[in-house]
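K.L.:
Quick one: sequence and predicted model below, then my questions.
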Amino acid sequence: MSERDSYTLLLTFARQGEEPSICKAMEFLRRESPAVRFVALGSPVSAAMLRGVGIEHVNIFGEGSSVRSVLRQIKDLRPSSTAIIYCGPGARGHLKLEALALAVGSRRICRFISGEPTRSVSRSSLLLSVAAKSLLALGCLAVSAVVCALAFCSLLLAQVLSGGRGARWA
Amino acid sequence: MEATLIIINYNGRELLEMSAPATLDAARRAGNHPVVVADDGSTDDSLQYLCKVHPGIEVLALPHRGFGAACNAAVAAAETETVVLLNSDILVDPGFLPPLLQDLDQNDVFAVGCKFVNPGGSLRDAIGNRTSCHWRRGLLHIRHETDPARLAETCPQFYANGAALACSRQKWLALGGFDPMYHPLYWEDVDLGYRAWGRGWRVLYEPASVVAHEQGSTMKRVHTVEHIELMSAKNGILFTWKNLLDPGLLRRVIAAQMRWAADDVLIGGLPPRTRALLLALRQLPESIRGRVREQRERTRSDQEILAACGART
């Protein structure tokens, strides 16, 4: 593949106000490789913003296309690099984006974190990050499940003990 | 109909300088209604300012117990059937009062909310206008109308924003006012509106009563944005635990709250929802007590309330 055809996949949640971070990342990548072409993955809502900042190819999921089929289209483009753009300080969260970066399988993955220098990240360290965050997500889910189950049972029990349903149900 | 206009103040001397003259003027134009400042234990010179510059304003000096408690104490102390609650950062239009009082003439109306505009007069992202609710991914979300075309008529709304509302004092007292469970901020007005609908009363939106409000300006002086988000998330959870009496609806919402907490890690950068759930758990006994009370008092089911507010279940 010639340099002219090389794609960079931008992974971002494309929230309102994130345009400057995305543009900054694009500028950086253009400086590195002037012929770079950008592709991104977006929802119907974020697509307009992504196109607005100058991304030529925005593959949209949620309009009849599943994330899996959109991911396949992106893989077919064989992006030579993937850039993860983190919103907010630090690299907390963003498990979805990191897992996607691994799934696409570009040769190079780099992180754009606000206030930190851009750096490439190896697949193994990204894999570690995904594993750690998955464990954390499972932990959160487990804690939430316990809290929610406890709340649900107590609320219903109190309702029953205090005299049944009380209110008229439709 | 006589009304008491109550300005809730906490360390808001500069805000009072802006809002008190306009409130006094509006009260005078509408028939010399009394204006009271309920001071939530300010440590600045708010009280000295009021004594010196606005001796016509009655001051109710309270110990610092938060916004909800200050509102409850002020409404209890009022001597009129109608009360108008105003945040200290609310700049009222000269003619804002008569339309509110006219709507409250109807027996089944509990509260009437104003039309909120930004300090420049725009409606962009204005909070509290023609509120409604809808379901998204199993969670109850509140919508604030910003389309001018849909803000032209008096109509029912989900709740009246506590920053500027008029209500029947008698109905307020029957409802028990703002629930202290939501201290220090947010959702107490949503809860009050929902409970009023549950009693068979109505909450209205009144476009002819215009007030300017910079959303959150009083809260942001006292709390950090992160704390506001955390408390708002916690109180949103408590609201559903306390008020959704339909077991099926509650199950659906609680399942969504569980997934919602895990989303924190998947997405990142959002309010720490797992912490909000844990904080809500600490107040589970309070929400149970409120729930039992609601069960006794309610005359409408959740479906009926939500249908009246235009939400599909």
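P.N.:
Structure's in. What do you need?

K.L.:
Quick check: the gap between the residue nearest to residue A:15 when sequence neighbours are not counted and residue B:30.
P.N.:
Of all residues not flanking residue A:15 in the chain, residue A:87 sits nearest, at 5.7 Å (C-beta to C-beta, 6 or more residues apart in numbering or on different chains). C-betas here are computed from N, CA, C, even on glycine. Using C-beta to C-beta, to the nearest Å, one gets 48 Å for the distance from residue A:87 to residue B:30.

K.L.:
which SSE is the residue of chain A at minimum distance from chain B in?
P.N.:
Chain A approaches chain B most closely through residue A:93 (1.4 Å), counting by C-beta to the nearest C-beta. Using DSSP states H and E, residue A:93 is not contained in any helix or strand.

K.L.:
show me where pLDDT drops low in the chain?
P.N.:
Picked chain A for this. For chain A, the stretches with pLDDT under 70 are A:1-5, A:62-64, A:89, A:91, A:164-170.

K.L.:
Can you look at chain B instead?
P.N.:
B:215-220, B:265-271, B:311-313.

K.L.:
top helix in it by residue count?
P.N.:
Ranked by residue count, the top helix of chain B under DSSP state H comes out as helix B:247-267.

K.L.:
Can you name the secondary structure element that comes next after that helix?
P.N.:
helix B:273-282.

K.L.:
Using the three-state scheme, assign residue A:41.
P.N.:
Secondary structure for residue A:41, judged by DSSP: H, G, I helix; E, B strand; the rest coil, is strand.

K.L.:
Just give the number of residues close to it.
P.N.:
Residue A:41 sits with 25 neighbouring residues when counted by other C-beta atoms under 10 Å in any protein chain shown.

K.L.:
The one 4 residues further on now?
P.N.:
Using other C-beta under 10 Å, the number of residues around residue A:45 comes to 12.

K.L.:
secondary structure class for it?
P.N.:
Taking three-state DSSP, the label given to residue A:45 is helix.

K.L.:
could you show me where the strands are in chain A, in order?
P.N.:
A:7-11, A:37-42, A:57-60, A:81-85, A:108-112, A:119-121 (DSSP state E).

K.L.:
Tell me if the shortest one is near chain B.
P.N.:
Looking back up the chat, that one is strand A:119-121. No. Against chain B, strand A:119-121 shows no contacts by C-beta under 8 Å from any C-beta of the partner chain, the least distance being 15.9 Å.

K.L.:
List the buried residues in that strand.
P.N.:
residue A:121 (16 or more other C-beta atoms under 10 Å in any protein chain shown).

K.L.:
How about the residue in the stretch 1-150 of chain B that chain A sits nearest to: what's its closest non-neighbour residue?
P.N.:
Residue nearest to chain A within the stretch 1-150 of chain B (C-beta to the nearest C-beta): residue B:125, separated by 11.0 Å. Spatially, and ignoring its direct neighbours in sequence, residue B:125 is nearest to residue B:146 (6.9 Å; C-beta to C-beta, 6+ apart).

K.L.:
residues contacting that neighbour?
P.N.:
B:123-126, B:129 (C-beta atoms under 8 Å, 6 or more residues apart in numbering or on different chains).

K.L.:
What subset of the residues you listed is buried?
P.N.:
B:123, B:126, B:129.

K.L.:
ok, those vs residue A:154, which is closest?
P.N.:
Nearest to residue A:154, judged by C-beta to C-beta, of the buried ones among the contacts of residue B:146 is residue B:129 at 36.3 Å.

K.L.:
residues contacting the closest one?
P.N.:
Counting by C-beta under 8 Å, 6+ apart, residue B:129 has contacts B:113, B:115-116, B:123, B:144-146, B:151, B:205.

K.L.:
now with 7 Å?
P.N.:
B:115-116, B:144-146, B:151, B:205 (C-beta atoms under 7 Å, 6 or more residues apart in numbering or on different chains).

K.L.:
and the residue nearest to residue B:214 when sequence neighbours are not counted, what are its phi and psi?
P.N.:
Excluding the flanking residues, the one nearest residue B:214 by C-beta to C-beta, 6+ apart is residue B:119, at 5.5 Å. Dihedral pair for residue B:119: phi -50, psi -30, per degrees, to the nearest 10.

K.L.:
Am I right that residue B:205 is in a strand?
P.N.:
Yes. Looking at residue B:205 with three-state DSSP, it is inside a strand.

K.L.:
who touches it in this structure?
P.N.:
Neighbouring residues of residue B:205 by C-beta under 7 Å, 6+ apart: B:113, B:129-130, B:154-155, B:157.

K.L.:
Next one: the helix or strand hosting residue B:194, is it in contact with chain A?
P.N.:
Using DSSP H and E, residue B:194 sits in helix B:188-198. No. Using C-beta under 7 Å from any C-beta of the partner chain, we find that helix B:188-198 stays clear of chain A, coming within 7.6 Å at best.

K.L.:
Just checking the distance from that helix to the centre of its chain.
P.N.:
Centre-to-centre, helix B:188-198 and its host chain are 9 Å apart (C-alpha atoms, centre = their mean, to the nearest Å).

K.L.:
that older thread, burial of the residue nearest to residue A:15, as a residue count?
P.N.:
So residue A:87, with other C-beta under 10 Å, has 21 neighbours.

K.L.:
residues contacting residue A:56?
P.N.:
Contacts of residue A:56 by C-beta under 7 Å, 6+ apart are A:37-38.

K.L.:
Just give me the neighbour total for residue B:121.
P.N.:
8.

K.L.:
Spatially nearest residue to it (excluding sequence neighbours)?
P.N.:
residue B:212 (7.3 Å).
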